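Enquirer: I need the structure of the sequence given here:
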Amino acid sequence: MGGRMPRATRPSGRRRSARAAGSRSGETTTDPRFVVVLDAFSRDRRVTSGRMMASFGLRVGGKIFAMLVRGELVVKLPADRVAELVDAGLARQFDPRRDGRLMKEWAVIAGDEPPWVEIARQAYHFVGGAAGKRS
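Expert: Now for the predicted structure:
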């Protein structure tokens, strides 16, 4: 075998845009709430989508900002915004390993409030910042 990975497991090196990934059946989520989030970022060339951390999500500038984990939206936000959402009963801190070690900049939005697209845009701006924008 000479140290080469089998073709099916070799990384392709290609990244898909949110729009391209969203248009191919079987490669995305069917959760209608997350499909709306995918559609909201489909024209943004900086946003890519795909499998990440055993979930399906979105990246900006190579960094994850939103993903669907066990039917819930998980977003990266400033720690104080996560605390606000938790205090308001709208989110909980993300525990990816389910061992009690919470991530202070990641929020899990289980319900429909706040609206997923709105909170994903906040995450996009937090993670993506002004990078890639030209004046």
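
Enquirer: Tell me which other helices or strands the longest helix seen in the chain touches.
Expert: Across the chain, the longest stretch assigned as helix under DSSP state H is helix 116-128. Under the contact criterion of 3 or more C-beta pairs under 8 Å, 6 or more residues apart in numbering; DSSP states H and E, helix 116-128 touches helix 32-40, strand 55-60, strand 63-69, strand 72-76, strand 103-109. Bear in mind the C-beta positions are built from the backbone N, C-alpha and C, glycine included.

Enquirer: what comes up buried for that helix?
Expert: Within helix 116-128, the residues that qualify as buried are 116-117, 119-124, 126-128, counting by 16 or more other C-beta atoms under 10 Å.

Enquirer: Stretch 88-108 too?
Expert: Result for stretch 88-108 [16+ other C-beta under 10 Å]: buried residues 91-94, 103, 105-108.

Enquirer: quick revisit: and the longest helix of the chain with strand 55-60, angle?
Expert: Counting by axes from the mean of the first three to the mean of the last three C-alpha atoms, to 10 degrees, helix 116-128 lies at 60 degrees to strand 55-60.

Enquirer: what mean pLDDT does helix 116-128 have?
Expert: Taken as a whole, helix 116-128 has a mean pLDDT of 96.

Enquirer: what's the angle between that helix and helix 32-40?
Expert: Using the same axes, to 10 degrees: helix 116-128 against helix 32-40 is 50 degrees.

Enquirer: Out of the buried residues of helix 116-128, flag the one nearest to Val75.
Expert: Relative to Val75, the closest of the buried residues of helix 116-128 is Ala123; by C-beta to C-beta it sits at 3.8 Å.
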